[in-house]
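**Q** starting from these lines, generate the structure:
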Amino acid sequence: MRRVQQRRVVTTGRKWEAIVGYARAVRIGPLIEISGCAPTADDGSTVGDGNVYEQTRQCLRVIGEALAGVGAGFDDVTRTRIYTTVPRRWREIGRAHAEVFGAIKPVTSLVGVRGLLEPKWLVEIEASAYRAND
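**A** Below you'll find the predicted structure:
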C-alpha cells in the first residue's frame, strides 16, 4: 500500500492570495514550491520604492518566511526564478540574491518582463526547494 503524502499549505493573508486563490507555499513530502513573492510588507505596501536591491531583499525575506512555514530554510532551495522590469539593473538584484544564496548556489533564471502586478514592483521571485527526512 502506498503512503499518501501530506499537503502543507502556507498563506500570508496578503490580499492577492484570497483574490486569486493561491498559497504562498505548498509542500508535499520533500517537494516545496514558493509562489511569486513581491516586495511587499505584511500590510501589502511596497517596500523599497524605486530601489531594486531593497525590493529583492524583501522578496527574499518573504521567501524565507514561507520556507519556515513548511519546515524548511534557504539551504533547501534548489531553484529561484527572478522576474524584473529593470533587467539592466541585474547587478543590484544579483547582489541581494548572492547575500542569501552565494554559498547555497541554487539554479536560477533572471527574466526581464514588461510589468508586474503593481507598477511600483521592480522584481518578483519564485522558489523551489527539496527537504528530505522530515
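
**Q** in the chain, which spans are strands?
**A** Secondary structure of the chain (DSSP state E): strands at 7-10, 25-28, 31-37, 77-84, 107-112, 123-130.

**Q** list of residues touching the longest helix seen in the chain?
**A** Counting by DSSP state H, the longest helix found in the chain is helix 52-69. Helix 52-69 is contacted by residues 10, 12, 24-25, 32, 34-35, 37-41, 46-48, 73-74, 76-77, 82, 84, 86, 89, 92-93, 95-97, 99-100, 121-125, 127, 129 when judged by CB atoms under 8 Å, 6 or more residues apart in numbering. All C-beta atoms are positioned from the backbone trio N, CA, C, and that covers glycine.

**Q** 7 Å - rerun?
**A** Residues outside helix 52-69 that contact it (CB atoms under 7 Å, 6 or more residues apart in numbering) are 10, 24-25, 34, 37-39, 47-48, 73-74, 76, 84, 86, 89, 92-93, 95-97, 100, 121-125, 127, 129.

**Q** also stretch 74-88?
**A** For stretch 74-88, using CB under 7 Å, 6+ apart, the contacting residues are 32, 52, 64, 67, 93, 97, 100-101, 104, 106-113, 115-116, 122-131.

**Q** I'd like the average pLDDT over stretch 88-108.
**A** On average, the pLDDT along stretch 88-108 is 98.
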